[in-house]
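> Okay, here's the prediction I keep looking at, along with the sequence it came from:
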Amino acid sequence: MNDISKISFKYWLPQSNVLFIIGGKANNTDIYETFRAMGDGLREFFQTHGPIPIFVVVGRGGPNVIRGMNYLRDVLDSLGLPYRFFGHDSAMSEVINYALKVNEWMKNGGKDEIKAKLKI
């Protein structure tokens with residue numbers, strides 16, 4: 001998962017407004033491992049390429065989701081990125097609608113606000 005994150009981030013993050021991590025409630029996937037790999041990949045991207053203004057929206061459920069969200073939250077806080085987490089009890093349509101609103105906000109000045117906060 002970490003290698004997939006690195007490849008995806010390298011080619012897609014610079015042109016993105018929202019990092020959208022979504023999925024249904026997993027039964028066999030350890031969400032902590034998934035979020036750890038994604039958080040580590042994001043941290044490595046920032047270390048290699050520098051920070052970029054992006055908003056992270058997460059909607060997941062499954063084994064170790066709380067532990068995974070705590071790990072990912074700590075990474076996002078350390079990088080200074082804004083985020084919003086939704087748990088398994090949130091409707092996927094609600095999460096999608098939220099991500100669409102964030103994307104509009106990013107296009108209409110949000111990206112500049114995050115840049116200023118990141119000092120880039």
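Structure received.
> and the longest helix anywhere in the chain, which residues are buried?
Criterion DSSP state H: the longest helix present in the chain is helix 31-49. The neighbour-count check on helix 31-49 (16 or more other CB atoms under 10 Å) flags 31-42, 45-46 as buried. Any C-beta I mention is one placed from the backbone N, CA and C, and that applies to glycine too.
> low pLDDT regions in the chain?
Low-confidence segments of the chain (pLDDT under 70): 26.
> Tell me where it has strands.
Applying DSSP state E to the chain gives strands spanning 18-25, 55-61, 83-86.
> looking at it, Leu79 is touching Leu42, isn't it?
Yes. Counting by CB atoms under 8 Å, Leu79 touches Leu42, with 6.9 Å between them.
> Which strand residues bridge the residue sitting nearest the centre point of the chain?
When CA atoms, centre = their mean is applied to the chain, the residue found nearest the centroid is Val56 (3.4 Å). Assessed by DSSP bridges, Val56 has beta-bridge partners Leu19, Tyr83.
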